[in-house]
Each structure stands twice: as structure tokens, then as C-alpha cells.
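> just a sequence and a predicted model for now, questions to come.
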Amino acid sequence: MKENGFNSNSNGNKGALEAVVKIVLIVLAVVVGLWLVGVILKGLGVLLSGLAVLLAGLLKFLIVATIVVGVVYLIARLARPRPQSK
């Protein structure tokens with residue numbers, strides 16, 4: 001029997017309750033999925049930041065090492081006696 005446009009039997013309420021539970025579970029699954037994606041992206045960001053710091057340190061070392069090797073080579077070349085031609 002219908003009262004005020006709603007089905008008054010318990011089967012209709014049970015179906016509506018199941019639909020609400022399904023929607024809540026889907027929303028919960030989406031929220032957990034988004035949280036997991038966020039955690040993965042955060043970890044990836046930390047990894048890439050660490051790699052950038054490591055590469056910056058390596059670049060600084062290589063610049064200093066290149067300058068030092070160049071200066072030592074220049075000093076060694078200027079200090080070496082030149083062979084005299086006859």
C-alpha cells in the first residue's frame with residue numbers, strides 16, 4: 001500500500017538502504033584510492049628531491065674538481081722546461 005507517494009513495505013526500504021550502503025562504499029573506496037595516490041606521489045616527490053640534491057652535490061664537486069685539475073695542469077705545463085731546438 002502506498003502512503004504519500006512512498007512505498008510502505010519493507011522491501012522498498014531495504015533496497016534503498018542497500019543503494020545507500022553501495023554509494024557509501026564506493027565513495028569510501030574512491031577516498032582511499034585518492035589517499036593512496038597521494039601517498040605514492042609524496043614518496044615519489046621525496047625521491048626526486050633527494051635525487052636532485054644528490055645531483056646538485058655531484059655537480060658542485062665536478063665543477064670544483066675541474067677547476068683544480070685545470071689549474072694543476074696549467075702550473076705543471078708552465079713549470080716544465082721546454083726543449084731547446086738546435
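Yep, it's here. Numbering: from 1, shown residues only.
> pLDDT averaged over the strand or helix carrying Ser49 - what is it?
Using DSSP states H and E, Ser49 falls within helix 10-79. For helix 10-79, the mean per-residue pLDDT is 95.
> chain center to that helix: distance?
Between the centre of helix 10-79 and the centre of its chain there are 2 Å (C-alpha atoms, centre = their mean, to the nearest Å).
> CA atoms of stretch 79-86 as CSV?
Extracted in CSV, the C-alpha atoms of stretch 79-86 (Å, rounded to 0.1, in the frame of the first residue of the first chain):
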residue,chain,number,x,y,z
ALA,A,79,106.9,24.7,-14.8
ARG,A,80,108.1,22.0,-17.2
PRO,A,81,111.3,23.1,-19.1
ARG,A,82,110.9,23.5,-22.8
PRO,A,83,113.2,21.5,-25.1
GLN,A,84,115.6,23.8,-27.0
SER,A,85,115.8,23.4,-30.7
LYS,A,86,119.2,23.3,-32.4
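> what separates it from the chain centre, distance-wise?
For stretch 79-86, the distance to the chain centre is 59 Å (C-alpha atoms, centre = their mean).
> residues in contact with that stretch?
Identification of contacts with stretch 79-86 by C-beta atoms under 8 Å, 6 or more residues apart in numbering yields no residue at all. Backbone N, C-alpha and C define where each C-beta goes, glycine included.
> which SS class is Gln84?
Reduced to three states with DSSP: H, G, I helix; E, B strand; the rest coil, the structure at Gln84 is coil.
> now it: how far from Leu74?
As for Gln84, its distance to Leu74 is 22 Å (criterion: C-beta to C-beta, to the nearest Å).
> also Val32?
When Val32 is compared with Leu74 (using C-beta to C-beta), they lie 63 Å apart.
> now swap in Val46 and tell me
43 Å.
> again with Val27
70 Å.
> please apply the same query to Leu44.
Look at Leu44 and Leu74: by C-beta to C-beta, they are 45 Å apart.
> equivalent analysis for Pro83, please.
From Pro83 over to Leu74 (counting by C-beta to C-beta), the distance is 19 Å.
> okay, these two: which has more neighbours?
Ranked by neighbour count (other C-beta atoms under 10 Å), Pro83 and Leu74 place Leu74 first, with 10 against 6.
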